[in-house]
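> based on what follows, work out the 3D shape:
(one chain, ligands or ions: 2)
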Amino acid sequence: MATAPSAKLTPLLKDELDIVIPTIRNLDFLEMWRPFFEQYHLIIVQDGDPSKKIRVPDGFDYQLYNRNDVNRILGSKASCISFKDSACRCFGYLVSKKKYIFTIDDDCFVAKDPSGKEINALEQHIKNLLTPSTTHFFNTLYDPYREGADFVRGYPFSLREGVPTAVSHGLWLNIPDYDAPTQLVKPLERNTRYVDAVMTVPKGTLFPMCGMNLAFDRELIGPAMYFGLMGDGQPIGRYDDMWAGWCMKVICDHLGLGVKTGLPYIWHSKASNPFVNLKKEYKGIFWQEKAIPFFQSVSLPKECSSVEKCYLALAGEVKSKLGEVDPYFINLADAMVTWIEAWNMVNSPGEKPALTSLPNATSKK
Ligand SMILES: O=c1ccn([C@@H]2O[C@H](COP(=O)(O)OP(=O)(O)O[C@H]3O[C@@H](CO)[C@H](O)[C@H]3O)[C@@H](O)[C@H]2O)c(=O)[nH]1
Ligand SMILES: [Mn+2]
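Ligands and ions are numbered 1, 2, ... in the order given. Here you go, the predicted model:
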């Protein structure tokens, strides 16, 4: 039956998905996303000075949390939420009540595909999450569940059901997510390459997860999406999403969940200062040469049947094995445990009244 032209189609997962935005700047970018985001609930995590007023464009349904709210809601457990780093965004995952999360940075805009059509990144993430992943056997036509694709000859039928998709990792046109050294040697490089593909990151393979255009199934993998101790008071920054991606992927592999990367693209507009970034990333550039072999070799006990159990087991391994690299990892492992405690405190049954009923959480219906 044709839909009346004037009827607004209800967006996919309208009441099952929150959009989480970390910001230390402003939210003007939302105007460009309005056609795609306006019917979804936004969770804005305001970083930096809580007394600064961040204006949310009219017409959006949102809750805005600043550092005072984080401290009030989590009490002593707020210590696990980073300050002055985009890692603060994971607080939004923790307070959300929805099944799905899409997180986007405030300097990411609507990109156009090669035909010039504006890309509804959220819609593509939802498609990625609602279709299985092919973790155990690589399909050479990439995502077989996309329109116009399928499993190719030789693909075992016993594996064609795939596994549930936990994470959808989108990419970026214009400013690529380069590390500081690469940014320094290639300051003018822009990503103009639009690759029309969605791929599953194979089981047993790690990848550099970027947090600027990312969606996930919060019920499947939420407790593993902790963005670590970064920024103010920490010896490292800008490894928040990387840390979360490594922990998440190890747990997805253990639990038989899938991670996809590729479409959708967003247009990333701001190149952050490479010298400032180098200072933040410096230790991470060394430590990742130890951390990656750790994640490649870590094995979780088979009795770890839930994300929480996996995450706590992983925290123990981080403490014992990476703690020898630097005391930072001992603090990080402790923060991983605090994160799970905070997650359960906010999300466990019989929890405190719904957060919007708490005073001060700025919200607008
Ligand atoms: O102290 C801060 C700094 C930034 N934010 C908010 O976080 C995102 C990303 O910030 P920005 O665009 O400045 O950083 P990029 O270099 O482009 O970010 C890449 O590195 C990752 C940082 O870990 C990030 O996910 C990647 O995109 C913006 O929304 C800032 O407003 C903050 O909250 N606090
Ligand atoms: Mn950016």
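
> what about stretch 81-95 and ligand 2, any contact?
No - Stretch 81-95 lies out of reach of ligand 2 by CB under 5 Å from the ion, never closer than 8.4 Å. (Glycine included, C-beta is placed from N, CA and C.)

> ok, and does that stretch reach over to ligand 1?
Yes - applying CB under 6 Å from any ligand atom, one finds stretch 81-95 touching ligand 1 at 84, 85, 86, 88.

> distance of the first one from residue 101?
Right, the one you point to is residue 84. Distance, residue 84 to residue 101, by CB to CB, to the nearest Å: 22 Å.

> of these two, which one has the most company?
Between residue 84 and residue 101, counted using other CB atoms under 10 Å, the more crowded position is residue 101 (26 against 18).

> how much space separates that one from ligand 1?
Using CB to the nearest ligand atom, to the nearest Å, residue 101 is found at 14 Å from ligand 1.

> what about that residue, which SS state?
strand (DSSP: H, G, I helix; E, B strand; the rest coil).

> most proximal residue of the stretch 101-250 of the chain with respect to ligand 2?
Ligand 2 sits closest to residue 107 of the stretch 101-250 of the chain, with a gap of 4.1 Å, by CB to the ion.

> next, the contact list for that residue, please.
Listed by CB atoms under 8 Å, 6 or more residues apart in numbering, the contact partners of residue 107 are 25, 29, 268, 269, 270.

> hmm, back to that, any chance of a PyMOL selection covering the buried ones in the residues of stretch 81-95 next to ligand 1?
Command for PyMOL that selects the buried part of the residues of stretch 81-95 next to ligand 1, burial taken from 16 or more other CB atoms under 10 Å:
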select buried, resi 84+85+86+88
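
> reformat the residues of stretch 81-95 next to ligand 1 as TSV; add distance to residue 288 and secondary structure.
Shown next, in TSV, are these (distance: CB to CB, whole Å; DSSP: H, G, I helix; E, B strand; the rest coil):
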residue	distance to residue 288	secondary structure
84	21	coil
85	17	coil
86	18	helix
88	22	helix
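
> and the residues of stretch 81-95 next to ligand 1, which two are furthest apart?
Among these, the pair separated by the greatest distance (CB to CB) is 84 and 86, at 9.5 Å.

> name the residues contacting each of those two.
By CB under 8 Å, 6+ apart, residue 84 and residue 86 have these common neighbours: residue 47.

> so how far is residue 177 from the residue of the stretch 251-365 of the chain found nearest ligand 1?
Checking the stretch 251-365 of the chain residue by residue against ligand 1 with CB to the nearest ligand atom singles out residue 272 as nearest, at 3.6 Å. Distance, residue 272 to residue 177, by CB to CB: 10 Å.

> and these two? Which one has more around it.
Counted by other CB under 10 Å, residue 272 and residue 177 do not tie: residue 177 has more neighbours, with 18 against 13.

> that one: what's it in contact with?
With CB under 8 Å, 6+ apart, residue 177 has these contacts: 210, 212, 268.

> neighbours around the second one, how many?
This means residue 212. For residue 212, using other CB under 10 Å, the count is 21.

> excluding its backbone neighbours, what's nearest it?
Nearest residue to residue 212 in three dimensions, chain neighbours excluded: residue 105, at 4.1 Å (CB to CB, 6 or more residues apart in numbering).

> how about the residues of the stretch 51-200 of the chain by ligand 1?
Close to ligand 1, as judged by CB under 6 Å from any ligand atom, the stretch 51-200 of the chain has residues 84, 85, 86, 88, 105, 106, 107, 177.

> now render those residues as CSV, adding pLDDT.
Below are those laid out as CSV (pLDDT from 0 to 100):
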residue, pLDDT
84, 95
85, 95
86, 96
88, 98
105, 98
106, 98
107, 97
177, 96
